[in-house]
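K.L.:
Okay, structure incoming, though there's no sequence with it:
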DNA sequence: TAGATTGTTAATCGATTAACAATC
DNA sequence: TAGATTGTTAATCGATTAACAATC
């Protein structure tokens, strides 16, 4: 340790988090955000554990690596903890994202509050169906697919959400990567190719179900 | 090791998998299923690594714990590997699931092939909106919420998927638990209470996005 | 004070990875 | 044979957990 005047918390915050820690901190943020919405002001590591399936000791350990955020005998202040975790994850601001596909899934995503709750703003939505162009989707308006490049550059978008048929996924992925997108959120089952500096995250509910079922069956 | 005549692979298969191994095997199944759909017959650990973001050595290690499924210099046969992993995860048959909510998200889930691809059959779909009851959804028909208990018992359903407004989530969770459901797939942002023998899995796309963004920013 | 809950230690266990011989 | 890719080893690193003193 060559931290000098830094406290241990500050020293760690300067380093890159491990994959596991970042994933868990994000989960804590989900629970805290929702508990706040429900009007709750404090929360214990035990309660967070029940909602995340993460061991309570692990939660306290994760948090105490960055500072003493809790009060013994009381728990954690929700507002304060949200703000601390956002600092650690460096996601305090607003982030513009682009949505592709205005079908049922796209509409469902656009009208949900989950993205907005965490600071993600659907700054542009696209569909190739000319009949849909110009119609409203969430707080936005469906744009023509041809405007993709300009819109992404103009609004500094680095996240694209794909809610389109799987056959179109690779083409759209190629197009958004060409326009500067760095994170692709793939709601299709297609296997996507992308350059090494682009992260592809594929959500697969059936896979998570398989895995939950295994632990039920054994 | 008291395995006696058992091979190491068989001995391990008899034990409960760790959480990490089961999660990774499920991921491999997702990639294999889709690659098969695309007409591919063989796959290397390197290619599976690109699609899952899991290290190729880790993949070979996971698989070789259960047997020698690959051919050196060639790779893995996709059909054979799917069958082996299904055996290990004990999810070879069909599983009936119940869908709650016939709005945009529910409709999107019901018309997707992802669940069917992995052996999950939407055996019953419910909505409280009387105007929707009787209408088709996917290959099924929307039923009245009041029929929940009978339907779940009759079809031996242990998985419920919630695609409903968050305000209704806890009530529906309580009802399905009362009817015998053991796994709740929660697509709402509500924090759900459930007995210890029931698994609640909450999908939170915004949380996964936060986490992906962290690694992009650092 | 008494009860509750955090912060921290210490010990164990599993995940991860590079490297490479085996072999298709 | 030459090239490719698996199966396996060995070493390191991080995750996990119980337990409990500190303290609100």
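P.N.:
Structure received. Because the structure is a prediction, the values reported are computed rather than measured.

K.L.:
For the longest strand belonging to chain A, what is the distance to the chain centroid?
P.N.:
Counting residues, the longest strand found in chain A (DSSP state E) is strand A:120-127. Remark: strand A:120-127 is offset 15 Å from the chain centroid, using Cα atoms, centre = their mean, to the nearest Å.

K.L.:
try stretch A:123-136
P.N.:
On Cα atoms, centre = their mean, the centre of stretch A:123-136 falls 24 Å from the chain's centre.

K.L.:
which parts of it are buried?
P.N.:
In terms of neighbour count (16 or more other Cβ atoms under 10 Å in any protein chain shown), stretch A:123-136 has its buried residues at A:123-128, A:132-133. C-beta: built from backbone N, CA, C; applies to glycine.

K.L.:
Report the rounded mean pLDDT for the longest strand of chain A.
P.N.:
Averaging pLDDT along strand A:120-127 gives 95.

K.L.:
what packs against it?
P.N.:
Secondary-structure packing of strand A:120-127 (3 or more Cβ pairs under 8 Å, 6 or more residues apart in numbering or on different chains; DSSP states H and E): strand A:95-100, helix A:104-111, strand A:140-144, helix A:148-154.

K.L.:
ok so, going back, nearest to residue A:25, of the buried residues of stretch A:123-136?
P.N.:
The nearest member of those to residue A:25, counting by Cβ to Cβ, is residue A:123 at 25.4 Å.

K.L.:
Residue A:97 is in contact with that closest one, correct?
P.N.:
Yes - with contact defined as Cβ atoms under 8 Å, residue A:123 counts as touching residue A:97 (6.6 Å).

K.L.:
Which residues are in contact with each of these two?
P.N.:
Taking Cβ atoms under 8 Å, 6 or more residues apart in numbering or on different chains as the criterion, residue A:123 and residue A:97 both touch residue A:157.

K.L.:
helix or strand for the closest residue to DNA strand D within chain A, which one?
P.N.:
Closest contact between chain A and DNA strand D, by Cβ to the nearest atom of the strand, is at residue A:73 (2.2 Å). For residue A:73, there is no enclosing helix or strand under DSSP states H and E.

K.L.:
Okay, buried residues for the longest helix seen in chain A please.
P.N.:
Longest helix of chain A, by residue count under DSSP state H: helix A:19-37. Buried residues in helix A:19-37, counted by 16+ other Cβ under 10 Å: A:21-36.

K.L.:
do stretch A:143-163 as well
P.N.:
Applying 16+ other Cβ under 10 Å to stretch A:143-163 flags A:143, A:145, A:148, A:151-152, A:157-163 as buried.

K.L.:
Quick check: mean pLDDT of it?
P.N.:
95.

K.L.:
any idea of the angle the longest strand of chain A forms with strand A:95-100?
P.N.:
If you take axes from the mean of the first three to the mean of the last three Cα atoms, to 10 degrees, strand A:120-127 sits at 20 degrees to strand A:95-100.

K.L.:
Within its sheet, name the partner strands of strand A:120-127 and how each one runs.
P.N.:
Here strand A:120-127 is paired, per DSSP bridges, with strand A:95-100 (parallel), strand A:140-144 (parallel).

K.L.:
Go ahead and name everything in contact with the first one.
P.N.:
By that I understand strand A:95-100. Contacts of strand A:95-100 (Cβ under 8 Å, 6+ apart): A:106, A:109-110, A:115, A:119-127, A:137, A:140, A:148, A:151-152, A:155-164, A:172, A:176, A:181, B:209, B:213.

K.L.:
again, 7 Å this time
P.N.:
A:106, A:109-110, A:119-126, A:152, A:155-157, A:159-164, A:172, B:213 (Cβ atoms under 7 Å, 6 or more residues apart in numbering or on different chains).

K.L.:
again with the last one
P.N.:
Contacts of strand A:140-144 from elsewhere in the structure, counted by Cβ under 7 Å, 6+ apart, are A:102, A:110, A:122, A:124-127, A:132-135, A:151.

K.L.:
nearest to chain B, of those?
P.N.:
residue A:110 (9.4 Å; Cβ to the nearest Cβ).

K.L.:
Go ahead and confirm the closest one touches residue A:135.
P.N.:
No - checked against Cβ atoms under 7 Å, the pair residue A:110 and residue A:135 is beyond contact range at 11.2 Å.

K.L.:
who's in contact with residue A:92?
P.N.:
Contacts of residue A:92 (Cβ under 7 Å, 6+ apart): residue A:86.

K.L.:
three-state assignment of it?
P.N.:
The assignment at residue A:92 comes out as coil when based on DSSP: H, G, I helix; E, B strand; the rest coil.

K.L.:
Backbone dihedrals for it, both of them.
P.N.:
The phi and psi values for residue A:92, taken as degrees, to the nearest 10, are phi -90, psi -30.

K.L.:
Give me the domain ranges for chain A.
P.N.:
Using automatic domain parsing, the domain parsing of chain A gives A:8-89, A:95-205.

K.L.:
Just give me the lowest mean pLDDT stretch among those.
P.N.:
domain A:8-89 (a mean of 88).

K.L.:
What about the nearest residue to residue A:89 once chain neighbours are set aside, how many residues nearby?
P.N.:
Distances taken as Cβ to Cβ, 6 or more residues apart in numbering or on different chains put residue B:214 closest to residue A:89, at 5.0 Å, once the chain neighbours are dropped. Around residue B:214 there are 21 other residues, counting by other Cβ atoms under 10 Å in any protein chain shown.

K.L.:
what sits against residue B:214?
P.N.:
So residue B:214 contacts A:17, A:22, A:89-91 (Cβ under 7 Å, 6+ apart).

K.L.:
Just give me the closest of the residues you listed to residue B:185.
P.N.:
Comparing the contacts of residue B:214 against residue B:185 with Cβ to Cβ places residue A:22 closest, at 24.0 Å.

K.L.:
Tell me which residues of stretch A:111-118 come out buried.
P.N.:
A:112, A:114-115, A:117-118.

K.L.:
Count the neighbours of the nearest residue to residue A:25 once chain neighbours are set aside for me.
P.N.:
Leaving aside its chain neighbours, residue A:25 sits nearest to residue A:85 (5.3 Å; criterion: Cβ to Cβ, 6+ apart). Residue A:85 has 22 neighbours, counted by other Cβ under 10 Å.

K.L.:
between the strand or helix carrying residue A:85 and helix A:19-37, how big is the angle?
P.N.:
Residue A:85 belongs to helix A:78-89 when assigned by DSSP H and E. Interaxial angle of helix A:78-89 relative to helix A:19-37 (the same axes, to 10 degrees): 150 degrees.

K.L.:
which outside residues touch helix A:78-89?
P.N.:
A:13, A:22, A:25-26, A:28-29, A:32-33, A:35-36, A:40-43, A:66-67, A:69, A:92, B:210, B:214.

K.L.:
make it 6 Å
P.N.:
The contact list for helix A:78-89, computed with Cβ atoms under 6 Å, 6 or more residues apart in numbering or on different chains, reads A:13, A:25, A:29, A:32, A:35-36, A:41, A:43, A:66, A:69, A:92, B:214.
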